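Asks: coords please:
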Amino acid sequence: MFTATLIATGRLTTQILHDALDRLDAAGCVPSGVGWLDDGDAADVHFDEAPDAARAVLEGAFERVDVVVQPMAGREKRLLVADMDSTMITVECIDELADYAGIKPEIAAITEAAMRGELDFAAALDARVALLKGLGADAIERCRVERVALMPGAETLVKTMRARGATAILVSGGFTAFAEPVGAAIGFNRVIANHLEIGDGQLRGTVTKPIVDSSTKERTLREARAELGLADAATLAVGDGANDLAMINIAGLGVAYHAKPIVAEAAAARVDHGDLTALLWAQGIARKDWVTE
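Replies: I've put the predicted structure just below:
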């Protein structure tokens, strides 16, 4: 059996669910019923066949409704591997740090191209970091305090999953100076990120090699899955940029979160409208069971 979880906080109606059943029936998916997770917010529409057809007829069919299609069995995950910038936090840290050097537009343009998959990630990171050479190291802490905000739902997602026995790993192509405090604040078990090199109180314009990139994210998921003795289906990966695709593609549930087009098109699931708590509903976890403190 499969489920299509429909998510639209405060906007999900019985009419939308009836329409979803009709669409699944017309597509030959053999729908078998509906179950609310939280009234008006999220519900499961169950069906027996053709998950690809279900995605085709449901995704984008209802205004501002996210849809996650997956098998019912094993939908609650035991490993979360997550991107940081524009996923667990609301900004791209390197772009905000560049603002303190007066070159945000120049660096942000490179970041955007890299996240769209138009540039090699490692080369693009080296190029951007080189432009920051000479910036006072004190700008890092100022940037973290003044600019970095957690993505809505991030803490609830991680703390709820961990309370239910899951492991959570933050793997960022950004920098440890941001990722370590962010990971601690959200509740990740482990944080992996790049190290900005500093000398004489200034950024040297370099990062320690090897760079944390797409292959690092994929390898982290594979190694953690093996270490924990988990099946592929028990894993969840979430990110927004092209360097997240490798881990998204091998996860039991790979989610493109408010993602660049190349990621949204390739991922098995996408969240375009809701916050990160959508990933709890996708796992069948109702609000009454969320950890919010």
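
Asks: Tell me the buried residues in stretch 160-178?
Replies: When burial is assessed from 16 or more other Cβ atoms under 10 Å, stretch 160-178 yields the following buried residues: 160-162, 166-178. The way it works is simple: take the backbone N, C-alpha and C, and place the C-beta from them, glycine included.

Asks: check contacts around the closest residue to V91 other than its chain neighbours.
Replies: Using Cβ to Cβ, 6 or more residues apart in numbering and skipping residues adjacent in sequence, the residue nearest V91 is R147, 5.8 Å away. Each residue near R147 by Cβ atoms under 8 Å, 6 or more residues apart in numbering is listed here: 91, 93, 96, 99.

Asks: Just the ones in strands from the residues you listed, please.
Replies: In strands, judged by DSSP state E, none of those are found.

Asks: T277: which of these is nearest?
Replies: Taking Cβ to Cβ as the measure, T277 lies nearest V91 of the contacts of R147, at 19.8 Å.

Asks: roughly how far apart are the closest one and E146?
Replies: Summarising the geometry, the distance separating V91 from E146, computed by Cβ to Cβ, to the nearest Å, is 11 Å.

Asks: Which one of these two is surrounded by more residues?
Replies: Neighbour comparison, V91 and E146: the larger count goes to V91, with 18 against 12 (by other Cβ atoms under 10 Å).

Asks: and the nearest residue to K77 once chain neighbours are set aside, which of the three is it?
Replies: Counting by Cβ to Cβ, 6+ apart, L236 is the residue found nearest to K77 once chain neighbours are left out, at 4.0 Å. Recorded secondary structure, L236: strand (DSSP: H, G, I helix; E, B strand; the rest coil).

Asks: bridging residues for L236?
Replies: On DSSP bridges, the residues paired with L236 through beta bridges are L80, L253.

Asks: That one: neighbouring residues, count only.
Replies: The burial count assigned to L236 is 28, neighbours taken as other Cβ under 10 Å.

Asks: likewise G134?
Replies: Neighbours of G134 under the rule other Cβ under 10 Å: 10.

Asks: do the same with E155
Replies: Under the neighbour criterion other Cβ under 10 Å, E155 is assigned a count of 19.

Asks: Likewise for I94?
Replies: Here the number of neighbours of I94 (other Cβ under 10 Å) works out to 26.

Asks: how far away is it from H258?
Replies: Distance of I94 to H258, computed by Cβ to Cβ: 18 Å.

Asks: ok, now D38?
Replies: Distance from D38 to H258, counting by Cβ to Cβ: 21 Å.

Asks: next one: L131
Replies: Relative to H258, L131 is positioned 26 Å away (Cβ to Cβ).
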